[in-house]
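# Give me the fold of what follows.
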Amino acid sequence: MVVTLVTIFILGYACIALEHPLKINKTATALLLGCITWAIFNMFNMASPEILGQYGGLEGYRSFVSTSLVENLGETAEIVFFLLGAMTIVTLIEDYQGFTVITDHITTTNKKKLLWVLSILTFFLSALLDNMTTAIVMVALLRKLIADRKERWFFAGMVILAANAGGAWSPIGDVTTIMLWIKGQVTTVNIIVKTLLPSLVCMIVPLVILGSTLKGDIERPEESRSGIEVASWMRKLVLIMGVCGLIFVPVFKTITHLPPYLGMLLSLSVLWVTTEILSRRHSKEGHRLPTAVSTLEHVDVPTILFFLGILMAVSCLKVAGILGSLAMGLDSMRGIEAGGETVGFFLIDLIIGILSSIVDNVPLVAAVQGMYPMSPEGFIANHPFWEFLAYCAGTGGSLLIIGSAAGVAVMGMEKIDFIWYLKKISWLALVGYLAGAVVFIGMNLLLEPFEWWSTMV
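Below is the predicted model:
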């Protein structure tokens with residue numbers, strides 16, 4: 001069964017990567033992959049008396065599968081609803097021409113300068129919001145700044161790298177860092193101090209390389225008002241409310257300890273009510289101001305369904321124990337030494353980061369958390385293992401465009417080709433990923449040579 005599931009998963013990923021040559025939409029492939037993996041997992045086990053015996057017979061096993069499916073669908077739905085809420089808020093701001101408040105202040109048309117400005121803005125905004133929300137906001141800005149679609153793809157690729165790097169060093173910037181933060185394996189000040197510089201290097205190295213290849217000026221798109229003139233104060237109001245609503249999401253989670261998607265939907269509902277009132281009071285005859293209802297009509301549903309399919313396929317691998325076995329297999333590297341010092345856990349984290357570009361980093365990190373409890377037998381809080389895991393799991397997803405939530409969101413919004421990203425951006429992401437890793441390892445081996453490894457059994 002394991003070989004069958006892994007083979008199907010690889011074939012599905014290959015079809016997604018070859019979407020344009022095959023002329024089959026990646027969303028259809030992802031949904032098919034998610035359904036087939038669960039069906040095969042269920043049928044293989046139902047045909048095994050040994051497995052059925054572990055669950056007290058057929059009814060017990062059916063109950064297990066049903067419960068697992070509902071639980072994983074719930075986890076996936078949290079991300080889907082989060083994405084839906086964020087995309088609707090950003091699209092509402094765009095419909096009210098709110099981003100012109102920002103783009104009007106970005107006067108440079110020089111490609112290199114613009115790339116640096118947008119990348120640095122993305123890096124720090126991602127730490128405040130999260131990488132997926134930031135990527136959605138920045139792509140909306142790119143559409144207002146750059147007319148040529150293929151040219152915009154290079155900037156969008158750098159947005160993915162900067163968003164993932166920016167999210168890795170903040171305790172609320174990436175879902176895996178949030179997981180480690182909630183479990184107490186990293187603390188706020190420590191994770192920022194230890195991973196800020198490596199994350200910054202992870203962004204700057206590709207930025208320098210890509211920036212050196214860009215020459216000349218960008219051509220801005222013509223402003224399209226769609227016949228609707230929005231007052232300046234309304235643009236600013238919707239922009240401020242939308243951005244504040246996005247910033248409110250991590251605050252909501254910290255205060256209530258409820259999932260982030262609820263905070264996102266709360267922010268959307270407040271903005272929805274506001275735009276309903278604006279539309280009712282200030283619309284002119286024949287030119288009705290947009291509301292969330294009209295905005296939802298052109299939200300990118302295929303991207304959301306793609307997310308649903310791919311995450312359900314990954315969840316099947318998790319329930320089947322394949323991701324757990326993979327994490328256990330990596331444990332054999334834990335005792336590797338170099339120069340008389342134990343460095344095996346660095347290799348474990350590096351490989352997990354690379355794997356997170358293929359399968360979802362959340363179940364991988366969850367499996368690792370289960371393997372190493374915070375005790376003398378495992379790794380204590382603020383051990384470099386956890387900090388480096390946050391860096392690797394957060395930035396490793398940039399290696400493939402479908403390896404991170406930010407990448408999937410940008411891919412859906414800009415229709416970026418998987419193969420194009422693989423050729424043009426993936427190698428830059430790998431160089432940045434390894435450069436940041438070298439900085440992190442160097443900081444720990446050279447600056448604290450007798451402190452960190454003594455905490456490891």
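
# Run through the residues that contact the residue nearest to the spatial centre of the chain.
Centroid check for the chain by C-alpha atoms, centre = their mean gives Ala405 as the closest residue, at 2.7 Å. The neighbours of Ala405, taking C-beta atoms under 8 Å, 6 or more residues apart in numbering as the test, are 79, 83, 131-132, 135, 175, 307, 397. C-beta coordinates here come from the backbone N, C-alpha and C atoms, glycine included.

# what does Leu58 give?
Shown in contact with Leu58 (C-beta under 8 Å, 6+ apart): 46, 52.

# The stretch 251-400 of the chain: strands as residue ranges?
Along the stretch 251-400 of the chain, counting by DSSP state E, counting those that start in this stretch, strands occupy 337-338, 341-342.

# same question for the first one, mean pLDDT?
Strand 337-338 comes out with an average pLDDT of 51.

# can you check the last one too?
Average pLDDT, strand 341-342: 52.

# for stretch 381-401, same thing?
According to the model, stretch 381-401 has a mean pLDDT of 87.

# before we move on, what about stretch 142-153?
88.

# Could you pull out the buried residues of that stretch?
142-146, 151-153 (16 or more other C-beta atoms under 10 Å).

# Just give me the closest of the residues you listed to Ala30.
Using C-beta to C-beta, Trp153 comes nearest to Ala30 of those, at 21.1 Å.

# Look up how far Glu387 lies from the closest one.
To Glu387, Trp153 is 33 Å away according to C-beta to C-beta, to the nearest Å.

# Please apply the same query to Gln369.
For Gln369, the distance to Glu387 equals 14 Å [C-beta to C-beta].

# Of these two, which one has the most company?
Glu387 (27 against 19; other C-beta atoms under 10 Å).

# which ones are touching that one?
Shown in contact with Glu387 (C-beta under 8 Å, 6+ apart): 186, 190-191, 194-195, 440.

# Buried ones in the helix or strand hosting Gly53, by neighbour count?
For Gly53, the element it lies in under DSSP states H and E is helix 49-54. Residues Leu52 are the ones in helix 49-54 that count as buried (16+ other C-beta under 10 Å).

# How about stretch 35-50?
Neighbour counts over stretch 35-50 (16+ other C-beta under 10 Å) mark 36-38, 40-42, 45 as buried.

# With respect to pLDDT, which of those ranks lowest?
Minimum pLDDT for these is recorded at Asn45 (80).

# Quick check: closest non-adjacent residue to Met354.
In this structure residue 354 is Ile, not Met. Of all residues not flanking Ile354 in the chain, Gly396 sits nearest, at 5.6 Å (C-beta to C-beta, 6 or more residues apart in numbering).

# Equivalent analysis for Leu129, please.
Leaving aside its sequence neighbours, Leu129 sits nearest to Leu246 (C-beta to C-beta, 6+ apart; 5.3 Å).

# One more: Leu399?
Using C-beta to C-beta, 6+ apart, the closest residue to Leu399 is Ser357 (3.8 Å).

# Now restrict the contacts of Glu387 to buried residues only.
Here, 16+ other C-beta under 10 Å leaves 186, 191, 194-195, 440 buried among the contacts of Glu387.

# Confidence-wise, which of those residues comes last?
Out of the buried ones among the contacts of Glu387, that is Val186, at 82.

# was I right about that one contacting Ala381?
Yes - at 7.2 Å, Val186 counts as touching Ala381 under the criterion of C-beta atoms under 8 Å.

# Of the contacts of Ala405, which is the nearest to Ser199?
Asn131 (11.3 Å).

# The closest one - how many residues pack around it?
34.

# What pLDDT does the model give the residue nearest to Leu399?
Taking Ser357 on its own, its pLDDT is 84.

# That one contacts Thr395, doesn't it?
No - counting by C-beta under 8 Å, Thr395 is not a contact partner of Ser357; they are 9.7 Å apart.

# quick one: Asp174 and Leu355, what's the gap?
Asp174 is 16 Å from Leu355, by C-beta to C-beta.

# cool, Met411 as well?
19 Å.

# low-scoring stretches of the stretch 101-250 of the chain, by residue?
Across the stretch 101-250 of the chain, the ranges flagged by pLDDT under 70 are 172, 182-183, 223-228.

# Would you state the helices of it in chain order?
Ranges of helices in the stretch 101-250 of the chain, per DSSP state H, counting those that start in this stretch, are 111-128, 131-145, 149-168, 175-182, 188-213, 232-256.

# how about the closest residue in space to Leu271 that isn't next to it in sequence, what does it touch?
Once flanking residues are discounted, Leu271 sits nearest to Met241: 5.4 Å by C-beta to C-beta, 6+ apart. Counting by C-beta under 8 Å, 6+ apart, Met241 touches 270-271, 274.

# which one of those residues sits closest to Thr88?
Closest approach to Thr88 among those (C-beta to C-beta): Leu271, at 8.6 Å.

# how deep is that closest one tucked in, by neighbour count?
So Leu271, with other C-beta under 10 Å, has 25 neighbours.
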